[in-house]
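Trainee: got a sequence here, can you model it:
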Amino acid sequence: MSRDHTSQKIAVEKSWEIEFKGESANFFLKILQEYQSRDHHGSSFYARYVTFIQSSGTGKSRIVDEAGRKCIHIPLNLSNAQPYPPSDPSTRYWLLLLDDYGKPYLRSQALLYGLLQQTRICLQQLEESLPSKLQVHDKESTRTRLQVLATMLRDHLTEGMTFEKHGENRRAFHAAARDLAEQFFTGKARLPEQTYSVPSAANALWEFIDPNHQLPASEPTVLLSFDSAHNILIRAPSLFPELCRALYLIKSAPFWAIFLSTAAKFPRVAPDPHYRLFLPITETGFDQFAERIVSGDPQWTLDRIASTHHIAHLGRALFATRFDQGDLTVREETVWFAGVKLLCFSAGSEYSILPDDAQLACLAVRLALDFKAGALDGAQRRQVEAHMRVVLSMDDNHNMITVSSSEPLLAQAAYSAMREIRSWVPAEALRKHIFSSGISVGHRGECAASLAVLLARDAAVEHDRASAKGGTTLKDDGSRRVIAVTSFLAALLATDSERLVAEPPTFYRSIGEAYAPLGHAFEDGHIWFNHFVRVDDFDVINQEFLWRLVGRGAAVICPNNQRSIDLLIPVLIGDVLAKENVTAIFIQIKNDKSYTEKPTRWLFDAMDPFCVGLFAKGVVPLPVIRMVFALASKEHSVDYLLPEKSPTLIESSEFRPPGLETTYTAYDIWCSGMSHRTFRVIRENEESTYQDILRVHHNPYMRCPSEFEKERGDMLRAMKPGVSSLPAHHRRYVSVDSRDVDVILDDEVPDVQQEQFSMEEWCRITGEADSESSTG
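Mentor: Residues are numbered from 1 along each chain as shown. Predicted structure coming up:
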């Protein structure tokens with residue numbers, strides 16, 4: 001398929017110049033301030049350099065560029081591809097590609113010398129161009145002058161920048177810096193005495209910026225950024241340690257070197273093991289361009305929630321800015337472009353075979369796959385480097401904790417790849433990566449179950465696509481991604497569709513609801529999800545939070561060892577997104593042979609929607625669907641649980657059995673075995689593949705800690721939107737009333753143990769005697 005590359009380039013150029021949104025640039029500087037405050041005289045930190053590691057499109061370069069409006073930024077792009085901003089080829093060549101390479105430590109010093117000297121010269125010229133000299137007499141005036149000069153330098157170096165190359169100013173800047181570096185290099189080669197000095201160049205620049213030493217010792221003043229810094233390791237592996245040695249010479253100055261990369265594992269550089277290194281930075285903006293949804297606002301319909309416009313503005317900034325600055329062609333190709341980035345394809349190329357890492361990328365972004373703790377990080381690192389996986393944190397040895405964050409646009413691109421590239425089978429790919437890539441699949445069978453649920457969703461989308469009605473613009477084209485509840489169940493279960501919609505409820509809130517078949521109760525029930533999120537706490541299982549997940553097209557993988565639900569699919573009754581319109585399909589998974597084709601009723605009792613927190617006290621509940629997947633059963637069938645007593649008997653109080661009267665309506669389905677006889681989406685020749693997945697042992701999910709303060713934790717939480725009830729996971733993409741922050745308190749969740757079950761029954765339900773249960 002041909003693509004309009006000119007339109008793509010224009011969109012990229014425009015997106016760089018739009019107003020910066022969010023707090024990530026300020027927080028980046030705050031991290032450096034925190035690090036610098038620790039690096040006092042006599043400290044054990046080796047040098048003031050830090051790696052900035054994150055996947056593509058998250059805004060690393062733009063964050064540092066924006067920080068360059070508050071302190072002096074000296075940019076150097078070492079990419080050997082065609083990135084944006086463009087590479088600095090002449091300096092890159094001088095540093096990395098000269099045939100007569102040699103003397104890496106001297107070359108590193110020469111580079112620093114040339115850049116520092118040329119920056120001071122350039123700043124002096126820019127200040128002289130002002131109508132009057134900037135005065136400095138106290139801390140605030142010094143800081144103001146610094147910010148004025150920093151902004152002038154930034155604008156000077158970015159002037160005339162295009163997709164292909166930098167403007168004349170930046171090319172001239174690097175040419176002059178390279179000449180100074182060459183003079184330093186050749187001068188040092190001839191003369192043993194200190195003809196040139198990196199510390200003297202740093203001190204001269206520092207004196208120019210802060211002549212009266214007014215600025216605090218913890219305040220960074222100069223940033224030297226090495227974009228695409230992994231090329232140092234590829235082209236000249238011995239250069240990085242020597243560059244760090246050169247930075248050691250100026251560690252007393254408030255100058256920082258920033259090495260930006262996607263996932264390179266930089267070596268630990270310190271001549272003495274007692275030296276400490278600063279932890280890598282991973283925090284970037286997320287959901288910064290999202291339109292904030294308001295619960296109950298009639299404008300937020302299913303068409304809009306699932307639209308290309310909305311999902312393009314959730315997640316990393318790359319897609320939102322490109323969408324906003326592109327023409328109609330660019331916008332219409334948004335999902336295609338997301339696929340190019342996710343799969344690491346070349347734009348404009350056709351692919352009939354999906355490489356292994358691209359297959360893993362599709363599965364990871366849709367199934368919220370985690371990597372096992374302690375697993376070799378090769379596959380994980382490649383997912384970050386080439387396939388958009390998000391890094392939450394890294395230690396000083398660059399061991400990483402990563403996550404497939406909730407990004408519905410990437411999930412939609414993965415769905416397209418799974419649909420259009422037929423040369424691979426998702427279940428087989430998942431099995432392969434479990435063993436070869438260190439994927440953690442859980443001990444409950446939730447990985448195999450979530451794949452079956454996801455494939456059923458995809459099949460239902462294809463089935464409902466022909467009859468989908470809705471808008472035709474990119475702001476209201478979501479109806480083609482929304483499915484009916486009955487369509488989803490028909491695609492999932494290997495059972496007669498007519499019987500499915502005719503099934504009565506197992507429990508019912510009133511006699512009127514007792515006669516409502518499933519098809520009638522969910523006649524106006526809709527499902528919109530194209531991926532799962534793995535939530536960190538069970539408070540998310542509440543209408544107050546589930547409506548937010550509907551707003552980003554996410555279903556839920558529940559935490560381990562809590563309550564009685566393993567998977568949850570939010571259901572919206574009606575067309576307007578409001579918390580009171582949200583109910584759910586609960587799925588409890590049993591990967592235990594003691595659960596057979598015979599339904600175990602108390603498992604459904606434990607999925608009481610009030611007890612698990614879906615409905616708050618006093619809420620008039622919507623009907624729910626409860627399913628148990630007894631995946632290890634040798635028999636394979638789908639069973640619909642009927643009421644223990646008929647409605648006509650219950651109508652008479654003398655026949656009303658204790659405990660049967662409920663405050664909710666539920667439709668219960670028991671699915672035994674994992675085969676084509678239970679799940680329609682499993683082909684007969686795939687059954688052994690799913691059985692292999694079920695047999696894999698689980699490694700506990702690793703939660704990501706915050707770093708030095710709550711604010712850093714909130715930045716990390718914003719990069720995992722929707723996974724917890726904490727407001728930081730939601731505040732960028734929905735409007736949240738401050739009164740809703742603590743919406744779920746412990747005393748608001750009914751005490752199931754006292755209200756419905758005896759202690760003996762509750763111990764059995766919560767899994768005291770069932771190691772495979774997720775209840776707790």
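Trainee: what ranges do the helices span in the stretch 1-150 of the chain?
Mentor: Counting by DSSP state H, counting those that start in this stretch, the segments of the stretch 1-150 of the chain that form helices are 5-17, 24-38, 60-67, 89-92, 104-128, 139-158.
Trainee: quickly compare the ones you listed and say which is most buried.
Mentor: helix 60-67 (a mean of 22; mean count of other C-beta atoms under 10 Å). No exception for glycine: its C-beta is placed from N, CA and C like everyone else's.
Trainee: ok so, going back, ok, which of the helices of the stretch 1-150 of the chain comes nearest residue 730?
Mentor: helix 24-38 (17.4 Å; C-beta to C-beta).
Trainee: if we can go back for a sec, among the helices of the stretch 1-150 of the chain, which comes closest to residue 628?
Mentor: That would be helix 24-38 among the helices of the stretch 1-150 of the chain, by C-beta to C-beta, at 43.5 Å.
Trainee: contacts only, for residue 535.
Mentor: 541, 556-559, 722-724 (C-beta atoms under 8 Å, 6 or more residues apart in numbering).
Trainee: so which of those residues are in strands?
Mentor: Taking DSSP state E as the definition of strands, those contribute 556-557.
Trainee: how about JSON lines for the contacts of residue 535, with pLDDT and distance to residue 92 added?
Mentor: Converted to JSON lines, the contacts of residue 535 look like this (pLDDT from 0 to 100; distance: C-beta to C-beta, whole Å):
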{"residue": "541", "pLDDT": "91", "distance to residue 92": "52"}
{"residue": "556", "pLDDT": "96", "distance to residue 92": "46"}
{"residue": "557", "pLDDT": "94", "distance to residue 92": "44"}
{"residue": "558", "pLDDT": "91", "distance to residue 92": "49"}
{"residue": "559", "pLDDT": "86", "distance to residue 92": "47"}
{"residue": "722", "pLDDT": "84", "distance to residue 92": "40"}
{"residue": "723", "pLDDT": "81", "distance to residue 92": "40"}
{"residue": "724", "pLDDT": "79", "distance to residue 92": "43"}
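Trainee: sorry, back to before: of all the helices of the stretch 1-150 of the chain, which one is nearest residue 398?
Mentor: Closest among the helices of the stretch 1-150 of the chain, using C-beta to C-beta: helix 60-67, at 15.6 Å.
Trainee: run through who's touching the closest one.
Mentor: Residues contacting helix 60-67 (C-beta under 8 Å, 6+ apart): 16, 20, 24-25, 28-29, 52, 54, 73, 75, 85, 154, 158, 223, 225, 227, 258, 260, 284-285, 317.
Trainee: pLDDT of that helix, averaged?
Mentor: Confidence over helix 60-67 (mean pLDDT, whole number) is 96.
Trainee: need the longest strand for this protein.
Mentor: strand 582-590.
Trainee: just the helices in the stretch 451-600 of the chain please.
Mentor: Using DSSP H, counting those that start in this stretch, helices in the stretch 451-600 of the chain cover 485-492, 497-502, 511-514, 518-521, 543-550.
Trainee: helices or strands up against the first one?
Mentor: Helices and strands touching helix 485-492, as assessed by 3 or more C-beta pairs under 8 Å, 6 or more residues apart in numbering; DSSP states H and E, comprise helix 446-465, helix 497-502, helix 518-521, strand 525-527.
Trainee: most tightly packed of the ones you listed?
Mentor: strand 525-527 (a mean of 24).
Trainee: any chance of the helices and strands packed on helix 485-492 in CSV, plus distance to residue 248 and mean pLDDT?
Mentor: Output for the helices and strands packed on helix 485-492, formatted as CSV (distance: least, C-beta to C-beta, whole Å; pLDDT from 0 to 100):
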stretch, distance to residue 248, mean pLDDT
helix 446-465, 47, 94
helix 497-502, 70, 90
helix 518-521, 70, 96
strand 525-527, 58, 97
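Trainee: just send those back as TSV, with distance to residue 38 too.
Mentor: Shown next, in TSV, are the helices and strands packed on helix 485-492 (distance: least, C-beta to C-beta, whole Å):
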stretch	distance to residue 38
helix 446-465	41
helix 497-502	62
helix 518-521	60
strand 525-527	49
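Trainee: on that earlier part again, and which of the contacts of residue 535 is nearest residue 400?
Mentor: Closest to residue 400, out of all of the contacts of residue 535 and judged by C-beta to C-beta, is residue 723, at 18.3 Å.
Trainee: figure out which of the helices of the stretch 1-150 of the chain is closest to residue 667.
Mentor: helix 24-38 (45.2 Å).
Trainee: give me the angle between that closest one and helix 60-67.
Mentor: 80 degrees (axes from the mean of the first three to the mean of the last three C-alpha atoms, to 10 degrees).
Trainee: among the contacts of residue 535, who's most crowded?
Mentor: residue 556 (28 neighbours; other C-beta atoms under 10 Å).
Trainee: where does residue 347 land on pLDDT?
Mentor: 60.
Trainee: any idea how many residues pack against the closest residue to residue 298 other than its chain neighbours?
Mentor: Nearest non-adjacent residue to residue 298, counting by C-beta to C-beta, 6 or more residues apart in numbering: residue 576, 5.5 Å away. The number of residues packed near residue 576 is 16, by other C-beta under 10 Å.
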